[in-house]
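Peer 1: Output the structure for:
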Amino acid sequence: MPYNEVLAERIRRALKGTRSLTEMKMFGGIGFLVRGNLACGVIGNEMMVRVGPDNHATTLKEPHVRPFDMTGRPSKGWVVVRASGLKDDAALRSWARRGVAFAKSLPPK
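Peer 2: You can find the predicted model right below:
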């Protein structure tokens, strides 16, 4: 399934001005990286967000969130935000910023 280009463009707008931002096609979707570290991305019609292992359990309790699981084993520190949780731009911006904040906490690649 191709990724949602409209959602990808909304994320680009939300991340506009972020230093060291790059894009890479991955997981059948598109990822947004900061200093070489994946911050967030689009898979299908959903947004993948890297929140880090320390925030993983708490984030999973939030509405519209499920574990990121591509292999049958959920990836700790990564979540997926369903399309229903991305309807307004403020919510999307908040998720994108969370991913960027975690990516910036890591050493550059």
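
Peer 1: roughly how far is whichever strand or helix holds residue 12 from the heart of the chain?
Peer 2: Taking DSSP states H and E as the definition, residue 12 sits inside helix 5-15. On the basis of Cα atoms, centre = their mean, to the nearest Å, helix 5-15 is displaced by 11 Å from the centre of the chain it belongs to.

Peer 1: before we move on, what about stretch 26-37?
Peer 2: 9 Å.

Peer 1: What is the lengthiest helix in the chain packed up against?
Peer 2: When the chain is parsed with DSSP state H, its longest helix is helix 89-104. Other helices and strands packing on helix 89-104, by 3 or more Cβ pairs under 8 Å, 6 or more residues apart in numbering; DSSP states H and E, are helix 5-15, strand 29-34, strand 37-43, strand 46-50. Quick note: C-beta positions are derived from backbone N, CA and C, even for glycine.

Peer 1: for the ones you listed, which one ends up most surrounded?
Peer 2: strand 46-50 (a mean of 26; mean count of other Cβ atoms under 10 Å).

Peer 1: average model confidence for that one?
Peer 2: Strand 46-50 carries an average pLDDT of 98.

Peer 1: Identify the residues contacting that strand?
Peer 2: Strand 46-50 is touched from outside by 7, 11, 27, 29, 31, 37-42, 68, 77-83, 86, 92, 95-96, 98-99, 102-103, with contacts defined as Cβ atoms under 8 Å, 6 or more residues apart in numbering.

Peer 1: Next secondary structure after it?
Peer 2: Immediately after strand 46-50, counting by DSSP H and E, sits helix 56-60.

Peer 1: Give the buried residues for that next one.
Peer 2: With burial defined by 16 or more other Cβ atoms under 10 Å, the residues of helix 56-60 counted as buried are 56, 59.
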